[in-house]
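Novice: Quick one, structure for this:
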Amino acid sequence: MATDTEHAHDAAHADEHAEHWSDFQYVKLAILLAVVTGVEVLLSYIKDDMGGFFLPILLILMAFKFMAVVLYFMHLRFDNRMFSILFYMGLFLAIGVYLVALFTFRFFSA
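Specialist: Model (predicted):
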């Protein structure tokens, strides 16, 4: 005979698996990430025509890809919230360091 604790554990375990994606959903996300990567490569060829919009667009696309990979392929969406917070902190730190490096080399004044 199962105890209440075992029933609660089984219910929580069933809820956890109900949220996970199917293989087809992961394939669709992988295709979307490939398209976004293609857009980034395309932007690198037409960057002279874009002016000051080039870098912000690339940073937004980079942040989208980072979050998609971390949340779904690394399954942080289904893990403890603290892990997600640590990854977001890493994202903002990386962007900050990149921007400081660009300002140091006077990228924006050229």
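Novice: Give me the pLDDT for the residue nearest the centre of the chain.
Specialist: Closest to where the C-alpha atoms of the chain average out (CA atoms, centre = their mean) is M67, at 1.3 Å. The confidence metric pLDDT takes the value 83 at M67.
Novice: Distance of it relative to L59?
Specialist: Relative to L59, M67 is positioned 13 Å away (criterion: CB to CB, to the nearest Å). (Glycine included, C-beta is placed from N, CA and C.)
Novice: How about S44?
Specialist: S44 sits 14 Å away from L59, going by CB to CB.
Novice: and those two? which has more neighbours close in?
Specialist: Applying other CB atoms under 10 Å to S44 and L59 shows that L59 carries more neighbours, namely 13 against 10.
Novice: Let me see the ranges of the helices in the chain.
Specialist: Secondary structure of the chain by DSSP state H: the helices cover 4-19, 23-45, 47-50, 54-68, 81-104.
Novice: Can you pull out the low-pLDDT segments for the chain?
Specialist: 1-18, 108, 110 (pLDDT under 70).
Novice: list the contacts for M62?
Specialist: Counting by CB atoms under 8 Å, 6 or more residues apart in numbering, M62 touches E40.
Novice: repeat that with 7 Å
Specialist: For M62, the contact set (CB atoms under 7 Å, 6 or more residues apart in numbering) is empty.
Novice: For the closest residue to E19 other than its chain neighbours, grab the count of nearby residues.
Specialist: Closest residue to E19 apart from its sequence neighbours, by CB to CB, 6 or more residues apart in numbering: F78 at 6.1 Å. By the measure other CB under 10 Å, the count of residues near F78 is 13.
Novice: try L76
Specialist: With other CB under 10 Å as criterion, L76 counts 19.
Novice: just checking, it touches M82?
Specialist: No - when contacts are counted by CB atoms under 7 Å, L76 is not listed as touching M82 (10.1 Å).
Novice: Give me the distance from stretch 70-88 to the chain's centre.
Specialist: 10 Å (CA atoms, centre = their mean, to the nearest Å).
Novice: Please list all residues in contact with M89.
Specialist: No contacts exist for M89 under CB under 7 Å, 6+ apart.
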